[in-house]
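Participant: Predicted model follows, preceded by the sequence.
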Amino acid sequence: MINAKSNFVSARYEFRVFSLDLDKQKGLLSKTEEFLERERRTDIYFLGQDISPSFKLRNCQSLDLKIMRHKAESYELWAPGGEVGLPANRTEIERVFEDTGSFPPLRQNQMYDRTDIITAFRKSGHAAVRVGKLRTRFRINQVLAEITHVTPQSSPPAWSIAIEGSDQEELENCRQWLQLGDARNASYPEWLSRVASPG
């Protein structure tokens, strides 16, 4: 399935931390009233020198792009840049994505499945890192919060907690309530670039 190009309006501020121990935050979230969903999936992140366009294979089935627009105090503004189900050809891929300049070279008449996309990104100098996720999501007022057990390939598992939304004041209130005021924001691609071994 091909999703239309995104626009700036759909961008959201994000704050994420990774740790071996987030028991305090898990306890706080377990008391919230609005549970949204629990999800298990495996993503493959493509890590290049520039991680502000962040490509991944979502659930190993569709190619997904998020773009970091700018940093605002403790937060990063990320916008969806498109998503395309695989297999897809170059024309379908270029029609969907906002930032094709950071794509690896793709052949005009080839259909690209998951293996072909991984090969293309690796040839262009990207590491491909597989990450297992077990994620639970909540809503706290207008803020989306999630706690995720993360298992990167060839690296010890960790926990991640994230909040995202469009209202920075509400986000900051939620961040303080979760006792993350002194924590450092780290996106998935930044964290994986430090801890994970490419496959």
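Facilitator: Looks like it came in fine.
Participant: Could you list the low-pLDDT ranges of this protein?
Facilitator: For the chain, residues meeting the criterion pLDDT under 70 lie at 1-9, 98-99, 197-199.
Participant: got a list of what residue 20 touches?
Facilitator: 156, 158-159 (Cβ atoms under 8 Å, 6 or more residues apart in numbering). For the C-beta atoms, the positions are set from N, CA and C on the backbone; glycine is no exception.
Participant: Would you check how far apart it and residue 195 are?
Facilitator: Relative to residue 195, residue 20 is positioned 11 Å away (Cβ to Cβ, to the nearest Å).
Participant: One more: residue 174?
Facilitator: In terms of Cβ to Cβ, residue 174 sits 26 Å off from residue 195.
Participant: Between the two, point out the one with more neighbours.
Facilitator: residue 174 (21 against 14; other Cβ atoms under 10 Å).
Participant: dump the residue contacts of the more buried one.
Facilitator: Neighbours of residue 174 in contact, by Cβ under 8 Å, 6+ apart: 140-141, 143, 145, 163.
Participant: Nearest residue to it in space, ignoring adjacent ones along the chain?
Facilitator: Closest residue to residue 174 apart from its sequence neighbours, by Cβ to Cβ, 6 or more residues apart in numbering: residue 143 at 4.6 Å.
Participant: repeat for residue 84
Facilitator: Counting by Cβ to Cβ, 6+ apart, the residue nearest residue 84 is residue 96, at 4.6 Å.
Participant: Is that neighbour in contact with residue 82, as I believe?
Facilitator: Yes: counting by Cβ atoms under 8 Å, residue 96 touches residue 82, with 4.2 Å between them.
Participant: what helix or strand is residue 192 on?
Facilitator: Residue 192 is part of helix 188-195 when elements are defined by DSSP states H and E.
Participant: Give the buried residues for that helix.
Facilitator: Within helix 188-195, the residues that count as buried by 16 or more other Cβ atoms under 10 Å are 188-193.
Participant: And the strands in the chain?
Facilitator: For the chain, the strands defined by DSSP state E cover 12-19, 34-47, 53-58, 62-72, 75-85, 88-89, 111-112, 127-140, 143-152, 158-165.
Participant: nearest to residue 183, of these?
Facilitator: strand 12-19 (4.5 Å; Cβ to Cβ).
Participant: which other helices and strands contact that closest one?
Facilitator: strand 75-85, strand 158-165, helix 168-177 (3 or more Cβ pairs under 8 Å, 6 or more residues apart in numbering; DSSP states H and E).
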